[in-house]
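*Asks:* Here is the input, now give the coordinates:
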Amino acid sequence: MKEASRYLPYCNQTLRMYGMSFDRNNQGELTFHRHISRRIQDGYAAYRDLIKRKKASQRSQHRA
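*Replies:* Reported below is the predicted structural model:
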């Protein structure tokens, strides 16, 4: 993770053009600037939650 954090400023510099940035916390989630519509932000959050549920489901199936 230490190696990846080295590139965070470069990623954020590019994402800034699109109104996004990576959080500096350990989860690496995208955050949106205020001028990005709430509809897009909510859609992304729903998609992220769907992916998390799918991964959890796959892990539980793999363990069984």
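*Asks:* What are the contacting residues of stretch 32-42?
*Replies:* Residues outside stretch 32-42 that contact it (CB atoms under 8 Å, 6 or more residues apart in numbering): Gly19, Met20, Ser21, Tyr44. Just so you know, the C-beta spots here come from the backbone N, C-alpha and C atoms, and that holds for glycine as well.
*Asks:* beta partners of the third one?
*Replies:* Beta-bridge partners for Ser21, by DSSP bridges, are Thr31.
*Asks:* In contact with it, which residues?
*Replies:* Contacts of Ser21 (CB under 8 Å, 6+ apart): Asn12, Leu15, Leu30, Thr31, His33.
*Asks:* re earlier: among the contacts of stretch 32-42, which one sits closest to Tyr7?
*Replies:* Ser21 (13.2 Å; CB to CB).
*Asks:* So that closest one versus Ser5, what's the distance?
*Replies:* As judged by CB to CB, to the nearest Å, Ser21 and Ser5 stand 14 Å apart.
*Asks:* picking that back up, and the contacts of Ser21, which are buried?
*Replies:* Among these, the ones that count as buried by 16 or more other CB atoms under 10 Å are Leu15.
*Asks:* Tabulate the contacts of Ser21 (JSON lines), appending distance to Ile40.
*Replies:* Converted to JSON lines, the contacts of Ser21 look like this (distance: CB to CB, whole Å):
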{"residue": "Asn12", "distance to Ile40": "18"}
{"residue": "Leu15", "distance to Ile40": "14"}
{"residue": "Leu30", "distance to Ile40": "11"}
{"residue": "Thr31", "distance to Ile40": "12"}
{"residue": "His33", "distance to Ile40": "11"}
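*Asks:* Of the contacts of Ser21, which is the nearest to Ile51?
*Replies:* Using CB to CB, Leu30 is the member of those that sits closest to Ile51, with 12.5 Å.
*Asks:* How about that closest one, nearest residue that isn't a chain neighbour?
*Replies:* Met20 (5.2 Å; CB to CB, 6 or more residues apart in numbering).
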